[in-house]
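Enquirer: return atomic coordinates for the entry below.
(chains A and B)
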Amino acid sequence: MSPFLNNTLRTLNCDVSIAPLVTVRLFFGLLMFAGTVRFMYNGWVDQLYVQPKYFFHYYGFDWVQPIPGQGMWLVFIAMAVLSLFIAVGFLYRFSSIIFFLLFSYVELIDVTNYLNHYYFISLFSFIMLWLPLNKRLSIDVLIWPSIKRHTVPFWMVGALRLQLGIVYFFAGISKLNADWLFRAEPLRTWLLSFTQVPIVGKIFTYKLTAFLFSWAGAMYDLAMPFLLSFRRTLPFAYIAVVGFHVITWLMFPIGMFPWVMIVLTWVFFPISFHERLVSGIESLLPNEKILTKKKLWKQQAGKPLVIFFVLFFVFQLIFPFRYLAYPGNVLWTEQGFRFSWRVMLVEKAGSAQFYVEDSETGRTWDIHNPHYLTAVQEKQMSTQPDLILQYAHILDEEFRSIGVRDPLVRADVFVALNGRRNRRFIDPTVDLSEIEDGWQHKQWILGNEAN
Amino acid sequence: MNRILKMCFGLLFITTACNTQKDNLVNCDFDQQAMLTNYADEIIIPRFGDFDLGIQLLESSFIAFVANPTPGLLNEVRISFAAAYEHYQRCSPFGFGPGLIDGISFRARFNTFPTNISVINTNIENGTLVSASPTSTVGFPALDFLLFGQDGITDAELVGLFTTDVNAANRITYFSQLVSELSSTTSQIVGEWISYRTTFISNTGTSAGSSVSLLVNEFNYDFETLKNFKFKIPLGKFNGGSVLPETVEAFYGGGSIRLAKDQVSGMKNLYLGVGENGADGLGLYDYVLCVKPLTESEEDQGLLALADDISEQFLEIESALELVPDPLSETLQINKSAVDDAHTQMQMAVPLIKREMTSALGVQISYQDNDGD
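Expert: Numbering: from 1, shown residues only, chains lettered A, B, ... in the order given. Sure thing, here's the model as predicted:
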């Protein structure tokens, strides 16, 4: 073994305070509680999981269905309660596993709700459920004092840092495309919305502003994992993190994500910071003194868990590049687009008119999308080929059920990508009802060459 | 390595762009407030004013008819009805602000068609109040039925329904209530616009609830009603292709295409910012042209700027409508393809105005709020 690798392994295995994990647990739980309550308060449970007649499934996950009626409310209430359990470390292993399962279940129900930051929460809560985040400053320790630990191997903190680092770095890589760098799109389009803001509005009337935002954004994302990892650059990096996320929160409708990132980035802070924070909280609690038996973390889980994590991260490093296996521009075709940290990369406007023809009689119906889909579903479907295909199959089944034996489903779809003029998106002559979704290239997507 | 090269090239590109092309520097500096002022003062308020006047003329012509029920005066009512209905077409995209009545666009009770004539007849027999009647039995479509009657009825017979018929008195009451509902709502809207004007003009930006967002959303919604209710449904496009002539707008009086043309020209002028006095002011056209000017590569491809594409498409719709004679209910049966062509031109406008324009302006067209990333 080379000395470098040896050193790295030793560092990864050396014992550090458990405090960073405890901080993460506490604040992750509180953030998820706030996020879940906000989701319910905004009426989105009803809008996204009760009202829709149909749901768009992820490939291979069409067996994931919402609970009928008002049942989804129970799932969200359960998630809110479990978030608090996680925060206070009550029945942590159980709470974190169920939270991960419920959260991922909710996200798998409908593709049209896909957001990169939901994917991030799924991944992060997945890592968390394997780690002993409840072994200090938790209700679990009060109930079972013997589980209390003061240290963990460093790789556990490292895993959480790596996950955050991957998000930033890949978001940076995905910005290295011609539209972002050389046309400053979609920011050029989006920033125009702010020209009417008093005083600062004027700066958004200049193209240069869009270019500065684009290039700064790309560099920020690419550099952040490294700047956060060195003590000397950490303070500046963190100021940048707060500034960046507050600006995006002010300008764009991105919900909880900025706050999640601002808080979870603390995991990069020195262990001593967390130690002080956690012991500070402990000193406020009266019962804490009787429970201070120092114990070292025993390598119970050991090797299999480490190997598992290595594979988990290797997958994440490879999966975003699957788009290279498809011809064409990924921003246009969206083949291999999701689960790759392509954050705020496209402004797409699509309009899809579907036609169903009874192949036996020649009778043809124009489809009124709002009759089948919610506004958000229609918007998402109109620009994403796999969802166009799913909708065609929904229509195929609908018309079979009213007695059309062999419906032909075609669609005339126009999409405008990142400020370009609209173009026909798919072959309007193809009978989509005959095409099955899969990993293979979708031949019926038209090119955007002239762009 | 390739990426680093690209980045260097990009930096070079930006610096040269700054040095050589001055106009390229400016993204778009548009005076929204001036556009909104033009909309309020030259388009919306005058149009509602004319509409209000039209309804008043309808009201007085009906009073004259009731006092002296002759076929000649019935015809006067029909003429003022047609004029008021035309004015309505030019106001229909303004179902926001004062145009919202109890949270619902005034369109709902002004122009829901096809009207339900059997319920109207029962309402008249029972003396049901118009205010207690559903949207499918009130507004212009109900007046259209009462003024023209079903196919084959003579003018004399129609006058008889208001004079000698057993329900004549009830019919007169129902008719007057229909008109006064239109009249009171319209004058309420006109009145509220006096104070709403300031709110409208100062509510800049493009976020949900801003004046631009309200205007653009209503513009699109109104265009959808034109395409879907006035053409798609009668063409049978929602029911497998068999035409439904009785579902056209103004079925009994037969002025469907004339009204559709009014709506289209009203929308076109609204888009262009052309005021009721004919003066070309700032409008969505200028705004779209500002945020999305023609790029060199688009010019090379022979494309038009989005803003011009939209105005061209309105012209296409207008010339296609020229080839569709009234009454539409008959043309649907003898020359369906002409109607089909007009519909196709409307369909072609949808990607332009509903998606490209809203995306360029940064206006959310979906009424659901949600997070993005």
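
Enquirer: which one is B:K227 nearest to, not counting chain neighbours?
Expert: With sequence-adjacent residues excluded and distances taken as Cβ to Cβ, 6 or more residues apart in numbering or on different chains, B:K227 is closest to B:M346, at 4.3 Å. Heads up, the C-betas are built off the backbone N, CA and C, glycines and all.

Enquirer: report pLDDT for B:G278.
Expert: With respect to pLDDT, B:G278 scores 95.

Enquirer: that one: how many residues sit nearby?
Expert: 8 (other Cβ atoms under 10 Å in any protein chain shown).

Enquirer: then A:C14?
Expert: 11.

Enquirer: same question for the one 10 residues further on.
Expert: For A:V24, the count of nearby residues is 22 (other Cβ under 10 Å).

Enquirer: hang on, it packs against A:F268?
Expert: No. In this structure A:V24 lies outside contact range of A:F268 using Cβ atoms under 8 Å: 11.1 Å.

Enquirer: so who does the closest residue to B:A64 other than its chain neighbours touch?
Expert: Excluding the flanking residues, the one nearest B:A64 by Cβ to Cβ, 6+ apart is B:L73, at 5.7 Å. Going by Cβ atoms under 8 Å, 6 or more residues apart in numbering or on different chains, B:L73 touches B:S61, B:A64, B:F65.

Enquirer: which one of those residues sits in the busiest neighbourhood?
Expert: The most neighbours of any of the contacts of B:L73, using other Cβ under 10 Å, belong to B:F65, which has 24 neighbours.

Enquirer: list the contacts for that residue?
Expert: Taking Cβ under 8 Å, 6+ apart as the contact definition, B:F65 lies against B:L73, B:L74, B:E76, B:V77, B:F162.

Enquirer: check B:L321 too.
Expert: Each residue near B:L321 by Cβ under 8 Å, 6+ apart is listed here: B:I257, B:A260, B:K261, B:V264, B:A342.

Enquirer: neighbours of the third one, how many?
Expert: For B:K261, the neighbour count with other Cβ under 10 Å is 19.

Enquirer: tell me which element it falls in.
Expert: helix B:256-272 (DSSP states H and E).

Enquirer: what's that helix packed up against?
Expert: The helices and strands touching helix B:256-272, judged by 3 or more Cβ pairs under 8 Å, 6 or more residues apart in numbering or on different chains; DSSP states H and E, are helix B:71-91, helix B:211-227, helix B:284-291, helix B:306-322, helix B:328-334.

Enquirer: could you dump those to CSV with mean pLDDT?
Expert: Below are the helices and strands packed on helix B:256-272 laid out as CSV (pLDDT from 0 to 100):
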stretch, mean pLDDT
helix B:71-91, 97
helix B:211-227, 95
helix B:284-291, 96
helix B:306-322, 97
helix B:328-334, 96
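
Enquirer: quick one, which of those helices gets closest to A:L9.
Expert: Closest approach to A:L9 among the helices and strands packed on helix B:256-272 (Cβ to Cβ): helix B:284-291, 55.5 Å.

Enquirer: flag the shaky bits of the chain, pLDDT-wise.
Expert: In the absence of a named chain, this looks at chain A. Chain A contains residues with pLDDT under 70 at A:1, A:287-302, A:449-451.

Enquirer: let me rephrase: I mean chain B.
Expert: The low-confidence ranges in chain B, as defined by pLDDT under 70, are B:1-24, B:366-373.

Enquirer: if we can go back for a sec, list the contacts of the helix holding B:K261.
Expert: Residues outside helix B:256-272 that contact it (Cβ under 8 Å, 6+ apart) are B:39, B:43, B:47, B:82, B:85-86, B:89-93, B:219, B:222-223, B:226, B:230-231, B:248-250, B:274-275, B:280, B:283-285, B:310-311, B:314-315, B:317-318, B:321, B:324-329, B:331.

Enquirer: those, buried ones only, as a PyMOL selection?
Expert: A single PyMOL command selects the buried members of the contacts of helix B:256-272 (16 or more other Cβ atoms under 10 Å in any protein chain shown):
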select buried, chain B and resi 39+43+47+82+85+86+89+90+91+92+93+219+222+223+226+230+231+248+249+250+274+275+283+284+285+310+311+314+317+318+321+324+326+327+328+329+331
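
Enquirer: can you pull out the strands in the stretch 351-451 of chain A?
Expert: Counting by DSSP state E, counting those that start in this stretch, the stretch 351-451 of chain A has strands at residues A:364-366, A:407-417, A:423-424.

Enquirer: ugh, wrong one, I meant the stretch 1-150 of chain B
Expert: So, for the stretch 1-150 of chain B - with DSSP E, counting those that start in this stretch - the strands run B:100-101, B:104-105.
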